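[1] Fold the following for me, if possible:
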Amino acid sequence: MTSTKDFEKFGKKLNKAANPKYGLKKFNNFEGKLVRNEKYYSIFRIIFSILTVLSISYLVFIAPRKINNIQNRINTIEKEKKDILNNPPHQDRADNMKEYVLEEKNNTPLKIDGDNYINIDSNNIFVSDNANIIDSDTRSKIYDMNKYLARYTDGAQYMVVTINRLPENETIESYANKIFRKVGIGDSKLDNGVLYLISIDDRKFRLEVGYGMEGVLNDGKAGRIINADDIVDDFKDKHYSKAILSVSKTVTEIMNIKVNNLNEQIDQLNAQITYRVLIPIIIILISVIGIFILSYLIKQNRLVANELGIMYTNYSKTSSLNRTKTDFYYLLLSGIGTITSLKALHDNIGYGKIIEKNPNAKIVSNGILVGNRLYGGDGYIMTNDYSSSTYNPANHSGGDSFGGGSSGGGGASGGW
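    Next comes the predicted model:
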């Protein structure tokens, strides 16, 4: 309910809006704001135009030369990579490894600790399939991957171990570490081995990485490899050999440090080429969009200034008795505020008409509020229950989400 004091306060506001001196002051203030806005818009439009010209010039005159230099570096690295692959530095080590016989197994129990053993196949020491889930073709390919490592690395080795279940009081991390140390995977001085342990009943796996490999196969990268969606799905579907082979291919390629480092250099240089082309294009797009938006704002600014001038002229020429019926009068009641378009100008006039009839009306971000009812500038009701509607910013909330990952001392764990 509106008090007598509120009516007196509102009456003063109505009289002030009808005062030609007050109207002239408001008009001059807002006209000055429009002039300043156009000045700022014009300055930013010039800046965007300069950025567009500079970016186009860079793409036409500078980028091709820089990209050509980068491409020459890529070609040099590609040649170096090809030379390494064509001339393996340790071919003799691979030659000393026997050919793998698919169907033959010669298992020897290896004690890990207590009563816990794993079988080591002397015909293929790199696969210890205690859970009997790996097919012969996959075992052969893992053996060949180790021949590849022998050929190109300084003694790096990769081993896959499957078990039915973890021993009592053992975690996948602790047991993988014990197997790794007991078997002695990789070169003893370089510690460049990797173990892939899978426990079927526990539905867990672990990629244990030797210290010498952590530089190229860190915890994050290891986790992304073994926990990739397609790998986890294959384990869920019991396509064990497929999942193990996919992980093994990825890991052993990374373990070839020399070639892997060259591949990373090539990727980085290709990224530089992309950035040198993409960033100027993005700047051009943003600048062109900015120019169009600023041109539109300048046009709207001039239209608002022109219509405001006409409104004030009509207001100033109207007798004091009829002045309260002019658009400029209603504009003064709404407080004018920030107007950047003709629509905003007409909305504020509509707000003024509502304020004249409802002294306690309050302008909010998306309309004018009378009690709990929200009106638009055209006078139509937008909602009868503002407090619980989507128009009320208080009903909007942002959401945060937590992310997770796994890592350990030299490796990563996961499950399915």
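[2] Figure out how far the strand or helix carrying A305 is from the centre of its chain.
    Assigned by DSSP states H and E, A305 belongs to helix 257-317. Offset of helix 257-317 from its chain centre (C-alpha atoms, centre = their mean, to the nearest Å): 21 Å.
[3] Next: stretch 388-395.
    For stretch 388-395, the distance to the chain centre is 29 Å (C-alpha atoms, centre = their mean).
[4] again, but for stretch 150-169
    35 Å.
[5] Just the helices from the chain, written as ranges.
    Ranges of helices in the chain, per DSSP state H, are 4-17, 20-57, 63-86, 91-96, 136-152, 172-183, 219-226, 229-236, 240-255, 257-317, 327-334, 342-357.
[6] taking those helices together, which one is wrapped up most tightly?
    helix 327-334 (a mean of 24; mean count of other C-beta atoms under 10 Å). C-betas here are computed from N, CA, C, even on glycine.
[7] Which elements pack onto that helix?
    Secondary-structure packing of helix 327-334 (3 or more C-beta pairs under 8 Å, 6 or more residues apart in numbering; DSSP states H and E): helix 4-17, helix 20-57, helix 257-317, helix 342-357.
[8] Output the ones you listed as a markdown table; include the columns mean pLDDT.
    Shown next, in a markdown table, are the helices and strands packed on helix 327-334 (pLDDT from 0 to 100):
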| stretch | mean pLDDT |
| --- | --- |
| helix 4-17 | 59 |
| helix 20-57 | 82 |
| helix 257-317 | 85 |
| helix 342-357 | 81 |
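[9] how about these, which one is nearest G377?
    Closest approach to G377 among the helices and strands packed on helix 327-334 is made by helix 342-357 (2.7 Å; C-beta to C-beta).
[10] just checking, what packs against the closest one?
    When contacts are defined as 3+ C-beta pairs under 8 Å, 6+ apart, helix 342-357 sits against helix 257-317, helix 327-334, strand 367-370.
[11] want to throw these into TSV with distance to S57?
    Formatted as TSV, these follow (distance: least, C-beta to C-beta, whole Å):
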stretch	distance to S57
helix 257-317	9
helix 327-334	47
strand 367-370	47
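[12] In contact with I281: list those residues for me.
    Counting by C-beta atoms under 8 Å, 6 or more residues apart in numbering, I281 touches S55, L59.
[13] measure it to V288 for me?
    Going from I281 to V288 by C-beta to C-beta, to the nearest Å gives 11 Å.
[14] if we can go back for a sec, how about a markdown table for the helices of the chain, with distance to S389 added?
    Below are the helices of the chain laid out as a markdown table (distance: least, C-beta to C-beta, whole Å):
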| stretch | distance to S389 |
| --- | --- |
| helix 4-17 | 26 |
| helix 20-57 | 31 |
| helix 63-86 | 52 |
| helix 91-96 | 73 |
| helix 136-152 | 61 |
| helix 172-183 | 52 |
| helix 219-226 | 44 |
| helix 229-236 | 40 |
| helix 240-255 | 51 |
| helix 257-317 | 29 |
| helix 327-334 | 22 |
| helix 342-357 | 18 |
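[15] Out of those, flag the one nearest G379.
    Ranking the helices of the chain by proximity to G379 (C-beta to C-beta) places helix 342-357 first, at 5.7 Å.
[16] Which residues does the closest one contact?
    Applying C-beta under 8 Å, 6+ apart, the contact partners of helix 342-357 are 14, 300, 303-304, 307-308, 324, 327, 329-339, 361, 363, 368, 370, 375-379.
[17] can you check stretch 162-176 too?
    The list of residues contacting stretch 162-176 from outside it, by C-beta under 8 Å, 6+ apart, reads 112, 114-116, 118, 128-134, 178, 195, 197-202, 204-206, 208, 240, 408, 411, 413.
[18] From start to finish, how long is that stretch in a straight line?
    Terminal residues of stretch 162-176 lie 11 Å apart, using C-alpha to C-alpha, to the nearest Å.
[19] Pull the distance from it to the chain's centre.
    Distance of stretch 162-176 from its chain centroid, counting by C-alpha atoms, centre = their mean, is 36 Å.
[20] likewise stretch 37-46?
    Taking mean C-alpha positions (C-alpha atoms, centre = their mean), stretch 37-46 and its chain are 33 Å apart.
[21] again with stretch 335-355
    Relative to the chain's own centre, stretch 335-355 is displaced by 40 Å; criterion: C-alpha atoms, centre = their mean.
[22] CA atoms only for it - export them in PDB, please.
    Extracted in PDB, the C-alpha atoms of stretch 335-355 (Å, rounded to 0.1, in the frame of the first residue of the first chain):
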ATOM      1  CA  GLY A 335      15.000   8.100 -15.900                       C
ATOM      2  CA  ILE A 336      16.200   7.700 -19.500                       C
ATOM      3  CA  GLY A 337      19.100   5.500 -18.400                       C
ATOM      4  CA  THR A 338      21.200   3.800 -21.100                       C
ATOM      5  CA  ILE A 339      19.600   3.700 -24.500                       C
ATOM      6  CA  THR A 340      21.400   2.100 -27.400                       C
ATOM      7  CA  SER A 341      18.600   1.500 -29.900                       C
ATOM      8  CA  LEU A 342      15.100   2.800 -30.900                       C
ATOM      9  CA  LYS A 343      13.500  -0.300 -29.300                       C
ATOM     10  CA  ALA A 344      15.200   0.600 -26.000                       C
ATOM     11  CA  LEU A 345      14.000   4.200 -26.400                       C
ATOM     12  CA  HIS A 346      10.400   3.100 -27.000                       C
ATOM     13  CA  ASP A 347      10.600   0.600 -24.100                       C
ATOM     14  CA  ASN A 348      11.700   3.400 -21.700                       C
ATOM     15  CA  ILE A 349       8.700   5.500 -22.900                       C
ATOM     16  CA  GLY A 350       6.400   2.600 -22.100                       C
ATOM     17  CA  TYR A 351       8.100   2.200 -18.700                       C
ATOM     18  CA  GLY A 352       7.400   5.900 -18.000                       C
ATOM     19  CA  LYS A 353       3.700   5.400 -18.800                       C
ATOM     20  CA  ILE A 354       3.500   2.500 -16.300                       C
ATOM     21  CA  ILE A 355       5.400   4.500 -13.700                       C
END
